[in-house]
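S.K.: below are the sequence and a predicted model for it; my questions follow.
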Amino acid sequence: MFRTDAAHSGVYASAAPSLKSVRWRFHAGGAMISSPVVAGGAVYVGSNDGRLYAVRRSDGARLWRFATHGAVTSSPAFFDGAVYFASTDGSVYAVDAKSGLARWRFKTGGERRFSAPGIHGITPANQMMPDPFDMFVSSPAIAGGVVYIGSGDGNVYALDARTGAERWRFATGDVVHASPAVANGLVYVGSWDRNFYALDADTGKLRWKFLTGDDRKIHNQIGIQSSASVANGMVYFGCRDSHLYALDARDGSLRWTHDEKGSWVIGTPAVYNGAVYFTTSDERVFFAVDALTGKTLFQDAYASFSFSSPSLADGTVYYGTFDGTLYAVNARSGGVTATFLTDGARKNRAAHLDKNGKLDLNTFYASNTLDGITAGLAKIFTLGSIVGSPAVAGGVLYIGSTDGTLYAID
């Protein structure tokens, strides 16, 4: 499932790919923001063309595709012969992993993006606007035969994995597009209402909640889009208030924060060997911090912003950026050991770099209106942006891109 397990550790039991060659490419009908999952002989991934794809792991041939009525920006989870995911059509699906036929469908109250007047300082200031950077929906976590998932209707749902029957729901105050993490009988998830919640996994009752920062002026530094990781008796998550938080997993008390000084933390942190690894957006820096204290261990700069959640394999960390670059970093000492450019990046990236080799956002955005920002983001996607999280298995890395390609990289 997303981030390998229900606790979202992000650590894969695999040799570390070198990123030197592409084993195969699979082309979908739309951009891929969904993170792939590998199970048995197949790779499963969603696409903005409204479909979930099953691709043969050995050669990239399509096994089947399943159509929904909205973009599949959710990352699938595999459990007991089925693949589970959500769509922007407002439904959660269970699909047979072999045949691609539907097992069940659960309709939520409907999807929507986080919205606010004049969001991010976009004009006109009084117009209610959907957030163009709220680009993925919640991904399922499965534990004890139960599917846990958030929704744009503001609820967190617990569904029976076999039948799709609702076990419980918990109402938050706004959109829930973070993916729940499950550990020690609790479900951990953030909402755009600024609260991070710990819920009883069996009943859905609130155990505790933690309030993050606010921004009533332009609604830029507000809300939890990042999913959490649970390890070391602590729960780690990023926030749009520009902090990475570490809370006590039992009672929600604050252990430490890492201040990103105005830069969002969207990706889910990975936790390994006493360190927490995470990407940032406008700060354009990848961090490793001490898991117990939050002290910076090392940091590496990159050329663009990132929403990608880091993945670890055999001492190497992998993550992607919006300019279509995939990075490999030494998990112990820092330092980039390898990079890979998507096809979109190879074709279009060079024309949008400044003199320092950084992505120049002024080359994309023609106006400070919602239409201008949306059109600019579409242009950025032509770079083959890597928004999702890599999956690693058998020494091969699998990642989707906004150029519509799923890559298998050695």
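M.R.: Received, thanks.
S.K.: from residue 175, how far off is the nearest residue to residue 223 once chain neighbours are set aside?
M.R.: Computed as CB to CB, 6 or more residues apart in numbering, the closest residue to residue 223 that is not its neighbour in sequence is residue 192, at 3.9 Å. Quick note: C-beta positions are derived from backbone N, CA and C, even for glycine. Separation of residue 192 from residue 175 (CB to CB, to the nearest Å): 4 Å.
S.K.: same question for residue 400.
M.R.: Taking CB to CB, one finds residue 400 at 23 Å from residue 175.
S.K.: tally of neighbours for the residue nearest to residue 223?
M.R.: 27 (other CB atoms under 10 Å).
S.K.: list the residues that contact it.
M.R.: By CB atoms under 8 Å, 6 or more residues apart in numbering, the contact set of residue 192 is 114, 174, 175, 176, 177, 222, 223, 224, 225.
S.K.: closest to residue 317 out of those residues?
M.R.: residue 225 (20.8 Å; CB to CB).
S.K.: could you point out which residue ranges in the chain have low pLDDT?
M.R.: In the predicted model of the chain, no residue satisfies pLDDT under 70.
S.K.: please enumerate the helices of it.
M.R.: Ranges of helices in the chain, per DSSP state H, are 343-348, 370-381.
S.K.: closest one to residue 258 among those?
M.R.: Each of the helices of the chain has some distance to residue 258 by CB to CB; the shortest is helix 370-381, at 26.4 Å.
S.K.: what does that closest one contact?
M.R.: So helix 370-381 is in contact with 31, 120, 122, 127, 129-130, 132-133, 322, 344, 361, 364-366, 402-403, going by CB under 8 Å, 6+ apart.
S.K.: give the PyMOL command for selecting the buried subset of those residues.
M.R.: Buried residues within these, by 16 or more other CB atoms under 10 Å, are selected in PyMOL with:
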select buried, resi 31+120+122+129+132+133+322+344+364+365+402+403
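S.K.: where strands are concerned, which of the contacts of helix 370-381 count?
M.R.: 129, 130 (DSSP state E).
S.K.: next up, the contacts around residue 336.
M.R.: Contacts of residue 336 (CB under 8 Å, 6+ apart): 300, 327, 328, 329.
S.K.: closest to residue 167 among the contacts of helix 370-381?
M.R.: Set against residue 167, the nearest of these by CB to CB is residue 130 (30.2 Å).
S.K.: for residue 186, see how far away residue 105 is.
M.R.: Counting by CB to CB, the gap from residue 105 to residue 186 is 28 Å.
S.K.: between these two, which has more neighbouring residues?
M.R.: Counted by other CB under 10 Å, residue 105 and residue 186 do not tie: residue 186 has more neighbours, with 20 against 14.
S.K.: mind listing what the closest residue to residue 60 other than its chain neighbours touches?
M.R.: Using CB to CB, 6+ apart and skipping residues adjacent in sequence, the residue nearest residue 60 is residue 24, 3.4 Å away. Applying CB under 8 Å, 6+ apart to residue 24 gives the contacts 59, 60, 408.
S.K.: list only buried entries from those.
M.R.: 60, 408.
S.K.: quick one: which of the contacts of residue 24 sit in strands?
M.R.: Secondary structure from DSSP E places residue 408 of the contacts of residue 24 in strands.
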